[in-house]
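K.L.:
For reference, the sequence and a predicted model appear below.
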Amino acid sequence: MFVWTARHQVLVLRLSKTGRLMLGGDLYHYPQERTFHRAPPDNEFDVRQSAASRAAIEEYLKQTKTTLWIEHDFGANAKLKKAPAYYE
């Protein structure tokens, strides 16, 4: 699956052992953005389009039990496996 808004992209991977992962690109910058339910920042290309994409992606995540990896989440990224380790 590949979904985008202007200047935003996500990629969903189906890994045999890890399961479904969504790489969130710039969709969110911090995990708190998912729970605050605020409008995207006004420096977005199209705030309404980004908000609609976020809502659609949240529904997709819920329905498919996909894990979202937020690329800018420093704390979460610090816990991820690094080369030469990998996810299967």
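P.N.:
All right, it came through fine.

K.L.:
can you tell me the average pLDDT over the longest helix along the chain?
P.N.:
Using DSSP state H, we find that the single longest helix of the chain is helix 47-64. For helix 47-64, the mean per-residue pLDDT is 86.

K.L.:
That one: which residues count as buried?
P.N.:
50-51, 53-54, 57, 60-61 (16 or more other Cβ atoms under 10 Å). C-beta: built from backbone N, CA, C; applies to glycine.

K.L.:
Parallel or antiparallel, which strands does the helix or strand following it pair with?
P.N.:
Once helix 47-64 ends, the next helix or strand along the chain (criterion: DSSP states H and E) is strand 67-69. Looking at strand 67-69 with DSSP bridges, its partner strands are strand 19-23 (parallel).

K.L.:
what angle separates the strand it pairs with from helix 47-64?
P.N.:
Angle, strand 19-23 to helix 47-64, by axes from the mean of the first three to the mean of the last three Cα atoms, to 10 degrees: 170 degrees.

K.L.:
contacts for strand 19-23?
P.N.:
10-15, 57, 61, 64-69, 71, 87 (Cβ atoms under 8 Å, 6 or more residues apart in numbering).
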